[in-house]
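Participant: need a 3D model of the sequence below.
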Amino acid sequence: MGLKNKLRKSSTDKSITGVCGGIAEYFSISSFAVRLIFIFLPANILIYLILTNAMSDSPPTL
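Facilitator: Numbering: from 1, shown residues only. Modelled structure (predicted):
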């Protein structure tokens with residue numbers, strides 16, 4: 001049994017790089033809620049930069 005859903009940057013729901021949109025799609029929650037969580041995290045910029053480089057891009061869609 002493999003994971004059907006992979007954690008990837010969103011190609012449709014992105015403000016800067018698609019990290020928050022990708023997390024929201026993975027957990028099926030609002031991207032606004034994920035963005036609020038990032039605002040209140042103490043090391044938000046560091047965590048965001050790490051996720052930007054670590055998360056793969058979503059496959060291109062037609």
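
Participant: count the neighbours of residue 19 for me.
Facilitator: Residue 19 is flanked by 27 other residues according to other C-beta atoms under 10 Å. Any C-beta I mention is one placed from the backbone N, CA and C, and that applies to glycine too.

Participant: residues contacting it?
Facilitator: 9, 48, 51, 52, 55 (C-beta atoms under 8 Å, 6 or more residues apart in numbering).

Participant: ditto for residue 25
Facilitator: Counting by C-beta under 8 Å, 6+ apart, residue 25 makes contact with 10, 13, 31.

Participant: how near is it to residue 43?
Facilitator: 23 Å (C-beta to C-beta, to the nearest Å).

Participant: now swap in residue 10 and tell me
Facilitator: Taking C-beta to C-beta, one finds residue 10 at 22 Å from residue 43.

Participant: of the two, who's got more company?
Facilitator: residue 10 (21 against 9).

Participant: isn't that one right next to residue 22, touching?
Facilitator: Yes: assessed by C-beta atoms under 8 Å, residue 10 is found in contact with residue 22 at 4.4 Å.

Participant: overlap in contacts, these two.
Facilitator: With contacts taken as C-beta under 8 Å, 6+ apart, residue 10 and residue 22 have residue 58 as neighbours in common.

Participant: return the distance of stretch 41-56 from the chain's centre.
Facilitator: Remark: stretch 41-56 is offset 10 Å from the chain centroid, using C-alpha atoms, centre = their mean, to the nearest Å.

Participant: understood, closing this out.
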